[in-house]
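A.B. asks: dropping the sequence and predicted coords here.
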Amino acid sequence: MALFGSGKARYSTLRPTKTGPNKNTLIPEGLWEKCKKCYGTVYTRQMEENLNVCPRCGYHKPITAQQRIALLSDSGSFQEVDAGLESVDKLKFEGVASYTEKLRANQKKTGMKDAVVCGTVTLNGIRYALAVMDFRFLGASMGSVVGEKITRITELATAEGLPLVIVTASGGARMYEGMLSLMQMAKTSGALKRHAKAGLPYITILTHPTYAGVTASFASLGDLTLAEPGAMIGFAGPRVIRDTAQAKLPEGFQTAEFLLEKGMIDRIVARKNLAHELALCLEYFTSGCKVQDGSK
């Protein structure tokens, strides 16, 4: 899993540590990190080797779209589609910063055009269509490009008779696009309906966090819904619901474990087991047929 490596150590921040009289040792920045759940200090390389899951408490740290694709595919099998699609500021949104400025900043930060990567891939030789959302890009909010790419990969899967897998992570609709963002809920859902009518399987993998318009559309329409442990999943956040309802929320509200108990998701799968579990599901849904060229 080379994609989980941190590359060369950074020495922009060096901490002198005394090891003897008048002697200092320079400790590179990024050698350790603090878990956001248990607050324990973890050796960064140990975290990376554990697929960015805390070895102390099992907290599943968010990972990039590229890391997720590597996790769920045979090496070198991913073929990206619609890679060049970019969002535009049709509404001329202005705030603390313009939408155009935010898009440029996030493209530079992530190296991505927008918040989802789509393509075809194989896992254990079974070909399927895959879309992976990346929370680093504007909270993986669903704008026109995200909705269009999800729709196109769904239509490609339908045309080629492929199973479809979407890995979600999103704060919801993209406020900078207003009504154009909300329209993506209907567009993606319509494409998935046609995929279902073709008798083709659709699997969703819900990761932390998955909220709002994404939850209310394609994240909740899977034939099989999987989730990572501890993922927060819902429409509005717990604080908004608590303040609106003026009521105490149940313990663990909106966690994957809570939603499994209530029947919204089918199975919680730890990241280290996810590729194996997905391969079994794909094999079951395709009756063991290994699709290599888009035909069954």
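C.D. replies: Nice, I can see it.
A.B. asks: give me the contact list for stretch 101-118.
C.D. replies: With CB atoms under 8 Å, 6 or more residues apart in numbering as the test, stretch 101-118 has contacts from 64-66, 69, 80-87, 89, 97, 129-143, 145-146, 149-150, 152-153, 170, 176. Where C-beta positions appear, they are placed from N, C-alpha and C, glycine not excepted.
A.B. asks: give the buried subset of those residues as a ChimeraX selection command.
C.D. replies: In ChimeraX syntax, the buried subset of the contacts of stretch 101-118 is picked out as below (16 or more other CB atoms under 10 Å):
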select :64,65,66,69,82,85,87,129,130,131,132,133,134,135,136,137,138,139,140,141,142,143,145,146,149,150,152,153,170,176
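A.B. asks: Cys165 contacts Ile126, doesn't it?
C.D. replies: No, residue 165 isn't Cys; it's Val. No. Look at Val165 against Ile126 with CB atoms under 8 Å: they stay out of range, at 10.8 Å.
A.B. asks: tell me which of these two has more neighbours.
C.D. replies: Between Val165 and Ile126, Val165 has the larger neighbour count (other CB atoms under 10 Å), namely 26 against 22.
A.B. asks: show me the contacts for the more buried one.
C.D. replies: 72, 128-131, 202-205, 278, 282.
A.B. asks: one more: Pro201?
C.D. replies: So Pro201 contacts 163-164, 223-224, 282, 285-286 (CB under 8 Å, 6+ apart).
A.B. asks: how many neighbours does Arg45 have?
C.D. replies: Neighbourhood size, Arg45 [other CB under 10 Å]: 15.
A.B. asks: let me know the secondary structure of it.
C.D. replies: Three-state assignment for Arg45 (DSSP: H, G, I helix; E, B strand; the rest coil): helix.
A.B. asks: repeat that for Thr120.
C.D. replies: Applying three-state DSSP to Thr120 yields a three-state assignment of strand.
A.B. asks: so it touches Val81, yeah?
C.D. replies: Yes. Judged on CB under 8 Å, Thr120 makes contact with Val81 at a distance of 7.2 Å.
A.B. asks: which residues are in contact with both of these two?
C.D. replies: Each of Leu156 lies in contact with both Thr120 and Val81 under the rule CB under 8 Å, 6+ apart.
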